[in-house]
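A.B. asks: Sequence plus predicted model, see below.
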Amino acid sequence: MPTAAIAAERLAKRYGEVDALREFNLEVRPGELFGLVGPDGAGKTTVLRILAGLLRPSAGRATIDGIDVTADPAAAKSRIGYMSQRFSLSETLSVLENLRYVAEVWGVEPNARRQRITRLLEFGRLGPFQDRLARNLSGGMKQKLALAACLVHQPRILLLDEPTIGVDPLSRRDFWIILYDLLHEGSTILLSTPYMDEAERCGRVGFLLDGRVVACGSPAELKSDLGVAVLDLRCPDPRATARALRRVAGFESSVLFGDRIHVTLPRTGLDPAAAIARARAAGVAVADWRTGGPSLEDVFLAYTRAEPPPAAAP
Amino acid sequence: MSRAVVEAEGLTRVFDDFVAVDHVDLHVPAGTVFGFLGPNGAGKSTTIKMLCGILRPSSGRATVGGFDIVRETERVKASLGYMSQRFSLYEDLTVEENLRFFAGVYDVRGARRAARIGWALEMAGLRGREQARASELAGGWRQRLALGCAILHEPPILFLDEPTSGVDPASRRNFWEMIGDLARQGVTVFVTTHFMDEAEHCDTLALIHGGKVVASGSPSTLKHRHVARALLEVECSDLMRAYAALKPDPAIASVALFGSTLHVVADDEAAARATIAARLGACGLALRRVERIEPSLEDAFVAIIEASAGGEG
């Protein structure tokens, strides 16, 4: 068994009265693409900051390539590239200047510097914009620059905290092509994301709730473990229909999915035709329906629903 | 046609020699949810700033709530609420202090102030957390508080600039329920988002690229008008190798990653199916499913942007 690229054992973090992280366990294998998902405030950023050596855990142990991040932070940090949620480069330097600066901070040999930066510019499709000031970059390009900057010291392990927030669909596709290239070259990636279509692409996904991993597995496993089927409905005026459906027994979970409605039902004893008849009897117009498995977003919503209401949570 | 609450004609803004917004026409009827989409840097925020009376247009004209955005700036500002995920709250202030501060800004006083602050706390689910600092709140609650602050004065028009950026899927849904409620009460909502599933909730969409409106219509109009070719969903092993294998081929117009599948656009469906099977087979990849599907709004977005000439992304 090779050493885990990233491991956390019973990690905990307390802020005053609040447990941001409790008994958090994680093992990411070399070469894996692992996604952390969960509601806001579940502890995703805290995990990544501890692993990046920016935050000391209150208890437990975290390792990068077997190196304890608390005992030997410098060695651990040299192996990781960390991209925080906030743009942490200089807005008043150009793309090229930012990369040069980061290379200097990491002590990259001057001879190697030029070549490496050229490669990163090419890799991030940033070449044509190398002289543009960071503050004049669009959101998508800024994120690509931030990613390029965290690759300057050639880390094999990447920790990315919601890297595609505020990025348009086209740039987001571009960003993912770069991530796949990195994986192809053998990198290990741990990322958090609010996009369930991104989570679908991960080899494994960990679902965080209240500072704890409540479910972990491949997207397929997470979906099948939920033990539900999804009734996918097409209705006129889906927004109003979803609201009306929620008042029908068995349809409480009705949510909009684009222009369709998803209802999650227990897989055991499922009788979709009877359920549809019940909805129609209650006066809900259902134009067309089919059954299928849940999407990762259905899984997300199912776990989140079990949460206490917002006002009661920390 | 119903009364337009936001109306723009030839709205243009030039910065030095850069045309950020280029002759934009908009027509947003009262009580509707209008989605303003486009790539990063397309001119969305500049347009909103002009409509809110914060930035003067270089040329063209616009009215918001019937008021001219240049000559009646103060009346425009009084009739709208504005919120963006990034700049809306004072992080060092508590929940209640933020609400009181915005009540002051909007001149909401006396009994009405108490009632509106109470309403905002209920709506945001922040009862019992009045003394928490805004900086301590997680994304979803912070965003609901920001919305509460933006509509304390019950404005008939609401501008939301990427309101759900950095908010989890469940909170996003929650937020859109609230937007739907506001629209039903007659509030006109003008919103930008990068989440295409959210764009589906809008009554009308306009897509802006390079400062110009390149497409507009209802979500279903956009999907069907702009993705005329066959769209195939491909499920297979090793997505990235499959992506690379399919890219350079005349039978295939475009390939894109879509969740855990690939979306392939082609003029000739049968030829594309044959190519997909042959190419993946040659790489030793397992082809699990190829299915012709209805385009999603994301497919439409990408098709429109790509057709309106190579942007910088």
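C.D. replies: That came through fine. Please read all numbers here as calculations on a predicted model, not as lab measurements.

A.B. asks: Stretch A:16-31 vs chain B: in contact?
C.D. replies: No - judged by C-beta under 8 Å from any C-beta of the partner chain, stretch A:16-31 stays clear of chain B, getting no closer than 8.5 Å. Glycine gets a C-beta too; all of them are placed from N, C-alpha and C.

A.B. asks: Skipping adjacent residues, who's closest to residue 293 in space?
C.D. replies: All of this is about chain A. Among residues not flanking residue A:293 along the chain, residue A:223 sits closest, at 5.6 Å (C-beta to C-beta, 6 or more residues apart in numbering or on different chains).

A.B. asks: think we crossed wires, I meant chain B
C.D. replies: residue B:233 (4.7 Å).

A.B. asks: Just the buried positions in stretch B:228-236, please.
C.D. replies: For stretch B:228-236, a neighbour-count test (16 or more other C-beta atoms under 10 Å in any protein chain shown) marks B:229, B:230, B:231, B:232, B:233, B:234, B:235, B:236 as buried.

A.B. asks: How about stretch A:54-72?
C.D. replies: Under the neighbour-count criterion of 16+ other C-beta under 10 Å, stretch A:54-72 has A:55, A:57, A:60, A:62, A:63, A:64, A:65, A:67, A:69 buried.

A.B. asks: which residue ranges form the helices in the chain?
C.D. replies: All of this is about chain A. Taking DSSP state H to define them, one finds helices in chain A at A:44-51, A:73-79, A:95-105, A:110-123, A:139-149, A:169-184, A:196-199, A:219-225, A:238-245, A:272-281, A:296-305.

A.B. asks: hmm, I had chain B in mind actually
C.D. replies: Using DSSP H, the helices of chain B run over B:44-51, B:73-78, B:95-105, B:110-124, B:139-150, B:169-184, B:196-199, B:219-226, B:239-246, B:269-282, B:297-307.

A.B. asks: just to revisit the earlier point, just the ones of the buried residues of stretch B:228-236 in strands?
C.D. replies: B:230, B:231, B:232, B:233, B:234, B:235, B:236 (DSSP state E).

A.B. asks: where does the chain have low pLDDT?
C.D. replies: Unless you meant another one, I'm taking chain A. Applying pLDDT under 70 to chain A flags residues A:1-2, A:306-314.

A.B. asks: actually chain B
C.D. replies: Within chain B, the segments meeting pLDDT under 70 span B:1-2, B:85-87, B:309-313.

A.B. asks: Pick out the residue of it closest to chain A.
C.D. replies: Using C-beta to the nearest C-beta, the closest approach of chain B to chain A is made by residue B:138 at 2.9 Å.

A.B. asks: neighbours of the closest residue to that residue other than its chain neighbours, just the number please.
C.D. replies: Closest residue in space to residue B:138, ignoring its immediate chain neighbours: residue A:41 at 2.9 Å, by C-beta to C-beta, 6+ apart. When neighbours are counted by other C-beta atoms under 10 Å in any protein chain shown, residue A:41 registers 26.

A.B. asks: Quick check, residue A:41 in contact with residue B:142.
C.D. replies: No - look at residue A:41 against residue B:142 with C-beta atoms under 8 Å: they stay out of range, at 9.7 Å.

A.B. asks: Now the spatially most central residue of chain B: phi and psi?
C.D. replies: In chain B, the centroid-proximal residue (C-alpha atoms, centre = their mean) is residue B:193; its distance is 2.1 Å. The phi and psi values for residue B:193, taken as degrees, to the nearest 10, are phi -160, psi 150.

A.B. asks: Settle this for me: it is touching residue B:205, isn't it.
C.D. replies: No - between residue B:193 and residue B:205 there is no contact under C-beta under 8 Å: 10.1 Å.

A.B. asks: Need the residues touching each of these two.
C.D. replies: Taking C-beta atoms under 8 Å, 6 or more residues apart in numbering or on different chains as the contact rule, residue B:193 and residue B:205 both touch B:35, B:37, B:199.

A.B. asks: can those residues go into TSV with extra columns for distance to residue B:307 and neighbour count?
C.D. replies: TSV is the format used below for the shared contacts of residue B:193 and residue B:205 (distance: C-beta to C-beta, whole Å; neighbours: other C-beta atoms under 10 Å in any protein chain shown):
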residue	distance to residue B:307	neighbour count
B:35	19	24
B:37	15	30
B:199	18	25
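
A.B. asks: and which of the residues you listed is nearest residue B:99?
C.D. replies: Of all the shared contacts of residue B:193 and residue B:205, residue B:35 has the smallest distance to residue B:99: 27.8 Å, by C-beta to C-beta.

A.B. asks: and the two most separated of the buried residues of stretch A:54-72?
C.D. replies: Checking these with C-beta to C-beta, the most distant pair is A:55 and A:65, at 19.1 Å.

A.B. asks: Next up, the contacts around residue B:258.
C.D. replies: So residue B:258 contacts A:197, B:233, B:296, B:298, B:299 (C-beta under 8 Å, 6+ apart).

A.B. asks: burial of the nearest residue to the first one once chain neighbours are set aside, as a residue count?
C.D. replies: In this case it means residue A:197. Among residues not flanking residue A:197 along the chain, residue B:259 sits closest, at 4.0 Å (C-beta to C-beta, 6+ apart). For residue B:259, the count of nearby residues is 21 (other C-beta under 10 Å).

A.B. asks: phi, psi of residue B:259?
C.D. replies: phi 60, psi -130.

A.B. asks: Thought residue A:200 was touching it, still the case?
C.D. replies: Yes - Residue B:259 is within contact range of residue A:200, at 4.1 Å (criterion: C-beta under 8 Å).

A.B. asks: what sits against residue B:32?
C.D. replies: The contact partners of residue B:32, taken as C-beta under 8 Å, 6+ apart, are B:183, B:188, B:189, B:203, B:204.

A.B. asks: On the strand side of things, show who the last one bridges to.
C.D. replies: Yep, that's residue B:204 we're talking about. On the basis of DSSP bridges, residue B:204 is bridged to residue B:34.

A.B. asks: Just to confirm, which residue in the chain is farthest away from the center?
C.D. replies: Reading this off chain A. Quick read of chain A (C-alpha atoms, centre = their mean): farthest out is residue A:281, 41.0 Å.

A.B. asks: let's do chain B instead
C.D. replies: residue B:282 (41.2 Å).

A.B. asks: For that residue, which non-adjacent residue is spatially closest?
C.D. replies: That would be residue B:245: by C-beta to C-beta, 6+ apart, it lies 7.5 Å from residue B:282.

A.B. asks: what's around that neighbour, how many residues?
C.D. replies: Residues lying near residue B:245 (other C-beta under 10 Å) number 21.

A.B. asks: For burial, what's the neighbour tally of the residue nearest to residue B:11 when sequence neighbours are not counted?
C.D. replies: Leaving aside its chain neighbours, residue B:11 sits nearest to residue B:60 (4.0 Å; criterion: C-beta to C-beta, 6+ apart). By the criterion of other C-beta under 10 Å, residue B:60 has 19 neighbours.

A.B. asks: before we move on, what about residue A:29?
C.D. replies: For residue A:29, the neighbour count with other C-beta under 10 Å is 16.

A.B. asks: Please apply the same query to the one 10 residues further on.
C.D. replies: Other residues within reach of residue A:39 by the criterion other C-beta under 10 Å amount to 26.

A.B. asks: How about it: what's its closest non-neighbour residue?
C.D. replies: Once flanking residues are discounted, residue A:39 sits nearest to residue B:168: 4.6 Å by C-beta to C-beta, 6+ apart.

A.B. asks: Can you give me the distance of that neighbour to residue A:170?
C.D. replies: 23 Å (C-beta to C-beta, to the nearest Å).

A.B. asks: wait, isn't residue A:186 in contact with residue A:33?
C.D. replies: No - between residue A:186 and residue A:33 no contact is recorded; they are 11.8 Å apart, counting by C-beta under 8 Å.

A.B. asks: ok, these two, which is more surrounded?
C.D. replies: Neighbour count, other C-beta under 10 Å: between residue A:186 and residue A:33, residue A:33 has more, with 20 against 9.

A.B. asks: who's in contact with the more buried one?
C.D. replies: Contacts for residue A:33 (C-beta under 8 Å, 6+ apart) come out as A:179, A:183, A:188, A:189, A:191, A:201, A:202, A:203.
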